[in-house]
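Participant: Below are the sequence and a predicted model for it; my questions follow.
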Amino acid sequence: MKFEDSCDLIIIGGGLAGCEAAWQAANRNLKVKLFEMRPSLMTDAHETGNLAELVCSNSLGSNLIDRASGLLKEELRICGSLLLNAAEKSKIPAGNALAVDRNSFSRFVESELANHPNIEIIREEVKIIPEQIPVILASGPLTSKDLSENIQSITGKENLFFYDAIAPIITYDSINFETAYKGSRYGRGNAAEGDYINCPFSKQDYYDFVEALRTAERIALHSFEDEIDQGVNAGKESYFEGCLPVEVLATRNPESLAFGPMRPVGLIDPRTNKRPYAVIQLRQDNLAGSLYNIVGFQTNLKQQEQNRVFRMIPGLESAIFERYGQMHRNTYISSPGLINESLQLINNERIFFAGQLSGVEGYVGNIASGLAVGINAAAYIYQQPFVIFPQTTMIGSLLHYIANAEKKHFQPMKANFGILPVLEDPANSKQDRAQQYAARSIKDISSLTQSPYFNTFFQAI
Ligand SMILES: Cc1cc2nc3c(=O)[nH]c(=O)nc-3n(C[C@H](O)[C@H](O)[C@H](O)COP(=O)(O)OP(=O)(O)OC[C@H]3O[C@@H](n4cnc5c(N)ncnc54)[C@H](O)[C@@H]3O)c2cc1C
């Protein structure tokens, strides 16, 4: 392990949070060592040795500032996020969403970090948290086993885990366009034909499909339980509610899918001029447009069952699966009371957490946590006050939430308007209130970034 050479800050994990943190800290004139264990030690979900690999969807969510995820992106743009810039440089058509070519995205990030004079990238697993030197733990939901155990030894039994699932990817050429049709919800996005491919269901197709999903064979979860710790969720099927496998949704209520990932609103079938009973959408997954993912269809069905059941989808009768859906582990600490809003461990101020491991959920939230921790690790090292992101901003609210939420039922939190402080004079319509939230946040984050307090170390380069 190359800790002995001098550096100011060690970052463990070259994922979304770790890469953003490295960039922010290095731009504040700190010498940073960024450790990434791939490709020599892979996780169950990553497929490459690339830094900042997007493990599942290639979409970073909405770009509209009156959506929580869109507002968070705007804040990141204002704060000078490297990864948001990378996403814009590698974006592909996806209506109002910011979707990227995942390889171009990673290449951009890696090249910027590798060429930064203050950053050294070391391809090595870190098993034990280094002593003496300030460190950011950004090893993500799939933190290696040894490091997980070491983290547990400093955080105690509050280190939790739960299950998440990823959606299948199929080839474009295997889609039957006699049935499937292109189009975005309410005709948004690319005006000519829309950015999504839609597979329409009749009522009978829908109920047959739901029944097949409910009864299909799933992969047993026991191996995860044995492998991982004996956290509070051991032995239970503990899923993150925002990313439930479709077969679990189908089992809860036969109509859940029609009101969830298969909702047909705004998706008129041009062949019948009617709204189908339900619709499955496919979203472009690579720049070449040869791969499409099934939107919202994370699953833990056995592979042969995915072949059988997902080929019941109208238009996907001959689908070729480039990647099957799968369940995955998701490691995170029980942040409330353990870390503060600057993501610093309360009982050891030299140690910071970021990303999914710190209890933030979603690609953009994880990038945001990396940005905040990179800035505040610099403040700590320079012995300056922390930069406090106003709670009226999405970044500030997320950080506030994970540090102060109710500990007992804590689960990672995604950007959403519900965590922002109430408006002083809220408009009647939801749409107008979202605009009010956005205006307030943009004003507050802009004044933060213009303050000398935010820029001091930046100018020290
Ligand atoms: C399978 C899966 C699918 C997901 N799908 C989505 C999605 O579609 N949309 C979404 O918004 N969010 C999704 N998430 C949640 C989350 O947004 C992503 O996991 C995101 O990449 C987390 O960012 P991160 O920086 O915390 O971790 P990561 O991006 O995973 O980065 C952590 C890095 O640390 C490395 N590492 C681990 N242990 C060590 C060690 N001991 N030493 C050195 N390096 C180490 C890993 O190899 C990895 O590169 C998904 C999560 C998983 C696990």
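Facilitator: That came through, no problem.
Participant: who does the one helix or strand Cys199 maps to touch, helix- and strand-wise?
Facilitator: Per DSSP states H and E, Cys199 falls inside strand 196-201. If contacts are counted by 3 or more CB pairs under 8 Å, 6 or more residues apart in numbering; DSSP states H and E, strand 196-201 sits against strand 181-182, strand 278-284. Heads up, the C-betas are built off the backbone N, CA and C, glycines and all.
Participant: quick one: Pro276 and Val265 touch, right?
Facilitator: No - between Pro276 and Val265 there is no contact under CB atoms under 8 Å: 10.6 Å.
Participant: and those two? which has more neighbours close in?
Facilitator: Using other CB atoms under 10 Å as the criterion, Pro276 and Val265 rank with Pro276 on top: 22 against 10.
Participant: picking up where we left off before, sheet partners, orientation included, of the strand holding Cys199?
Facilitator: Strand 196-201 has these partner strands in its sheet, going by DSSP bridges: strand 181-182 (antiparallel), strand 278-284 (antiparallel).
Participant: Contacts only, for Glu349.
Facilitator: With contact set as CB atoms under 8 Å, 6 or more residues apart in numbering, Glu349 has these partners: Tyr380.
Participant: Let me fix that, I meant to ask about Asn455.
Facilitator: Per CB under 8 Å, 6+ apart, neighbours of Asn455: Thr449.
Participant: can you tell me which helix in this protein is longest?
Facilitator: helix 430-450 (DSSP state H).
Participant: Now do that one: which elements does it pack against?
Facilitator: Packed next to helix 430-450, using 3+ CB pairs under 8 Å, 6+ apart, are helix 68-79.
Participant: The helix it packs on and the ligand, are they touching?
Facilitator: No - Helix 68-79 lies apart from the ligand when judged by CB under 6 Å from any ligand atom; the minimum separation is 8.5 Å.
Participant: Now the next helix-or-strand element following that helix: average pLDDT?
Facilitator: The first helix or strand that comes after helix 68-79 along the chain, using DSSP H and E, is helix 82-89. Taken as a whole, helix 82-89 carries a mean pLDDT of 98.
Participant: Show me what the next helix-or-strand element following helix 82-89 packs onto, helices and strands only.
Facilitator: Sequence order places strand 91-92 as the next helix or strand after helix 82-89, per DSSP H and E. Secondary-structure packing of strand 91-92 (3+ CB pairs under 8 Å, 6+ apart): strand 97-100.
Participant: Can you tell me the closest non-neighbouring residue to the closest residue to the ligand within the stretch 301-450 of the chain?
Facilitator: For the stretch 301-450 of the chain and the ligand, the shortest gap (CB to the nearest ligand atom) falls at Gly355, measuring 2.3 Å. Distance criterion CB to CB, 6 or more residues apart in numbering; nearest residue to Gly355, sequence neighbours excluded, is Ala17 at 2.9 Å.
Participant: picking up where we left off before, tell me the mean pLDDT over the helix or strand following the longest helix of the chain?
Facilitator: Next helix or strand after helix 430-450 toward the C-terminus (DSSP H and E): helix 452-455. Summarised as a single mean, pLDDT over helix 452-455 is 78.
Participant: what about helix 452-455, distance to the chain center?
Facilitator: 28 Å (CA atoms, centre = their mean, to the nearest Å).
Participant: Output that helix in PDB with nothing but the alpha carbons.
Facilitator: This file holds the C-alpha atoms of helix 452-455, laid out as PDB (Å, rounded to 0.1, in the frame of the first residue of the first chain):
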ATOM      1  CA  PRO A 452     -15.100  34.200  -0.800                       C
ATOM      2  CA  TYR A 453     -15.700  31.500   1.800                       C
ATOM      3  CA  PHE A 454     -16.500  29.000  -1.000                       C
ATOM      4  CA  ASN A 455     -13.700  30.100  -3.200                       C
END
